Structure formats: C-alpha cells, structure tokens
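Visitor: I'd like to go over a predicted model; first the sequence, then the structure.
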Amino acid sequence: MPVLPSWLTDPLWDQFSALLPQRSVFHPDHPLGCHRRRIGDRIVFDKLLQLLRFGCSYEAIADTTCSATTIRNRRDEWIRLGVFAQFKQLALEAYDRIVGLVLEQIAVDGAITKAPGGGEAAGRSPVDRGKQGIQRSGMTDGYGIPLGRVLARANRHDSPLLAPTLDLLGELGPLPDDITVHLDAGYDSAGTRSELNGRGLHGQIAHKGEKAPIQASQRWHVERTHAWQNAFHRLARCYERRTAVINAFFDLADTIITVRSLIRRAWTTHRWEARPRRRP
C-alpha cells in the first residue's frame with residue numbers, strides 16, 4: 001500500500017525535483033569513473049515520505065534500493081540547500097494564488113509531543129511525568145493551513161513563544177490591514193495583549209476560568225492542524241535529535257497538508273490533466 005496516493009505524491013515530487021541541483025550519475029572526480037552509481041533522488045524522497053508517515057527507524061525503512069546512511073546523507077544535503085523550506089514556501093504561494101490564504105484570521109496554539117531520544121529541542125514534559133518532550137507553537141490561517149511553527153522544550157509555556165511565532169508572519173509577504181489572532185486561555189494575560197497591540201493585531205483570547213466550546217471561536221482550526229500533523233508519526237513521537245532535521249520533517253508535513261487541501265478545495269472549481277476522479 002503506498003504511503004500517499006499517487007495524485008498527491010506525483011505533484012509533490014514534480015515540484016521537489018525542480019528544486020534539486022543537477023548531479024551526475026558518477027562522481028566527476030573519480031579517476032576511473034566506474035564507482036557505484038548515485039542513488040536516485042526519487043527513491044530517497046519516497047523513503048523520507050515513508051519515514052514521515054510511519055515514524056519507523058532509518059534502518060527499518062532501508063532496503064536493497066537505498067541504505068539508511070544514504071537516506072541520512074541525502075536528507076542533510078537537502079537541508080543544507082534549504083530545499084525543504086523552499087518546498088513549503090512554494091506550496092503556500094500556490095495555495096494563496098489558487099484558493100487564497102485567510103490571513104485576516106490567524107490562530108496560534110501550542111502542542112506537546114513525545115521525544116524519547118531527547119535532543120536539542122527536547123525537555124522535561126509537564127504532562128508526561130517529566131519524560132522528554134517537544135513543545136511546538138504552531139500558527140495557521142483561518143482555514144487551518146500551517147503557516148509556521150516555533151520549536152521549544154516541553155517545559156516552556158505557550159505565552160513566551162507567541163512573539164517568535166508571530167514573527168513568522170513577516171515571511172508571508174503583504175498582509176491584510178486588519179488581522180485577528182485567536183488564542184486560548186493560556187495566553188490570557190496583559191503581556192499577550194500588549195504584544196498584540198504593539199504589532200497592530202487584534203486578539204480574541206479565551207478567558208481563564210470560563211468554560212466555552214472550542215467552536216465558539218476560530219481557534220479550532222489550529223487544533224485540527226495539530227491533529228493533521230500528529231497523523232505523521234515521525235512528528236507525534238520524535239526521535240530526531242537535531243532541530244534542523246525536525247524542522248525539515250515539519251516543512252515536509254506542512255507541504256503535504258497544504259497541497260492536499262489545495263487539491264481538495266480546487267477539485268470543484270478547476271480542471272487539470274491529473275485531477276483525481278473523486279474528490280479527495
């Protein structure tokens with residue numbers, strides 16, 4: 001069974017491959033030019049998708065077509081080139097051009113996930129008996145399209161991460177004049193309101209001690225996006241130790257979420273050659 005349907009993996013690979021530099025099949029510095037061929041980028045890309053979706057180890061996913069060392073080396077090469085960040089940015093631009101990002105309504109919230117292997121972004125989790133965990137402060141548009149995230153140790157509170165999370169708005173280009181940020185009761189403080197006012201943003205913040213259904217505001221979109229991200233088991237239970245690698249997998253997951261939403265929402269309004277027969 002494929003990790004993702006072909007109507008999703010094919011456009012993903014077409015755009016991802018366009019970002020990769022040209023590489024010769026054999027290393028040009030080899031004196032005889034007869035050493036082993038370079039493993040195809042498509043093979044490694046499919047392996048990374050499997051790692052992201054299933055959350056297994058590199059050794060478990062390796063086979064005769066590609067070794068675990070090759071997957072790690074190619075992953076690090078693509079991180080150094082900034083391919084994953086560019087990949088995510090192109091997906092956001094395509095979604096904004098075809099469907100339109102709802103930037104008038106922004107939702108921000110934190111989520112804690114397990115990090116059994118520790119690492120640069122891991123810390124003692126207050127909700128998991130002090131075990132290692134990662135806190136991510138995620139930001140989405142009014143529909144739930146992931147706009148970015150800030151990683152921190154699990155014992156960090158949501159409020160101090162709001163400012164660096166909102167800084168990511170600067171990467172989105174021109175913004176609407178009137179933006180409302182939806183937050184839960186964990187952000188209900190004078191410091192949060194001062195931060196929003198200083199940026200010219202409106203805040204719709206749940207009040208501490210007052211129970212209200214999450215549907216009462218637009219905050220449920222970011223909760224749904226956290227669930228979408230946790231469906232990729234590499235993110236829900238993270239064994240990666242380097243922040244750069246974790247961010248690369250998040251960028252890949254966010255791109256899949258964005259393109260999947262784009263295809264689903266454009267299915268009824270657009271026609272293209274590889275359009276799925278049924279709405280995804």
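Guide: Happy to help now that I have it.

Visitor: quick one, strands of this structure?
Guide: 105-114, 123-124, 132-140, 146-153, 180-183, 202-205 (DSSP state E).

Visitor: so for residue 10, which of the ones you listed sits nearest?
Guide: Nearest to residue 10, of all the strands of the chain, is strand 146-153, at 21.8 Å by CB to CB. C-beta: built from backbone N, CA, C; applies to glycine.

Visitor: show me what the closest one pairs with in its sheet, parallel or antiparallel.
Guide: strand 132-140 (antiparallel) (DSSP bridges).

Visitor: got the CA positions of the strand it pairs with in PDB?
Guide: Taking Å, rounded to 0.1, in the frame of the first residue of the first chain, the C-alpha atoms of strand 132-140 are listed here in PDB:
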ATOM      1  CA  GLN A 132      11.400  14.100  27.300                       C
ATOM      2  CA  GLY A 133       9.100  16.100  25.000                       C
ATOM      3  CA  ILE A 134       9.000  18.900  22.400                       C
ATOM      4  CA  GLN A 135       6.700  22.000  22.600                       C
ATOM      5  CA  ARG A 136       5.700  23.500  19.200                       C
ATOM      6  CA  SER A 137       3.900  26.800  18.900                       C
ATOM      7  CA  GLY A 138       2.000  26.500  15.600                       C
ATOM      8  CA  MET A 139       0.300  29.200  13.600                       C
ATOM      9  CA  THR A 140      -2.400  28.600  10.900                       C
END
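
Visitor: any low-confidence regions in the stretch 1-150 of the chain?
Guide: 1-2, 25-35 (pLDDT under 70).

Visitor: 80 instead, please
Guide: Scanning the stretch 1-150 of the chain for pLDDT under 80 picks out 1-2, 23-37.

Visitor: deepest in the core, which of the strands of the chain is it.
Guide: Using mean count of other CB atoms under 10 Å, the stretch among the strands of the chain with the greatest mean number of neighbours is strand 132-140 (a mean of 24).

Visitor: run a quick neighbour tally on residue 194.
Guide: The number of residues packed near residue 194 is 10, by other CB atoms under 10 Å.

Visitor: per-residue pLDDT of it, please?
Guide: Residue 194 carries a pLDDT score of 95 in this model.

Visitor: now residue 239
Guide: pLDDT recorded at residue 239 is 93.

Visitor: same check, this time on the one 4 residues further on
Guide: What the model reports as pLDDT for residue 243 is 96.

Visitor: quick one: contacts for residue 76?
Guide: residue 245 (CB atoms under 8 Å, 6 or more residues apart in numbering).

Visitor: pull up the distance across stretch 195-202, start to finish.
Guide: In terms of CA to CA, to the nearest Å, the two terminal residues of stretch 195-202 are separated by 10 Å.

Visitor: any residues touching it, and which ones?
Guide: 106, 162-163, 166, 178-181, 203.

Visitor: can you redo the strands of the chain as JSON lines with distance to residue 235?
Guide: Shown next, in JSON lines, are the strands of the chain (distance: least, CB to CB, whole Å):
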{"stretch": "strand 105-114", "distance to residue 235": "7"}
{"stretch": "strand 123-124", "distance to residue 235": "17"}
{"stretch": "strand 132-140", "distance to residue 235": "9"}
{"stretch": "strand 146-153", "distance to residue 235": "10"}
{"stretch": "strand 180-183", "distance to residue 235": "22"}
{"stretch": "strand 202-205", "distance to residue 235": "27"}
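
Visitor: quick one, which of those is nearest to residue 20?
Guide: Nearest of the strands of the chain to residue 20, taken as CB to CB: strand 146-153 at 23.2 Å.

Visitor: not counting the closest one itself, show me its contacts.
Guide: Here strand 146-153 has contacts from 92, 101, 106, 121-124, 133-141, 161, 164-165, 168-169, 171-172, 225, 229, 243, 246-247, 250, 254, 257-258, using CB under 8 Å, 6+ apart.
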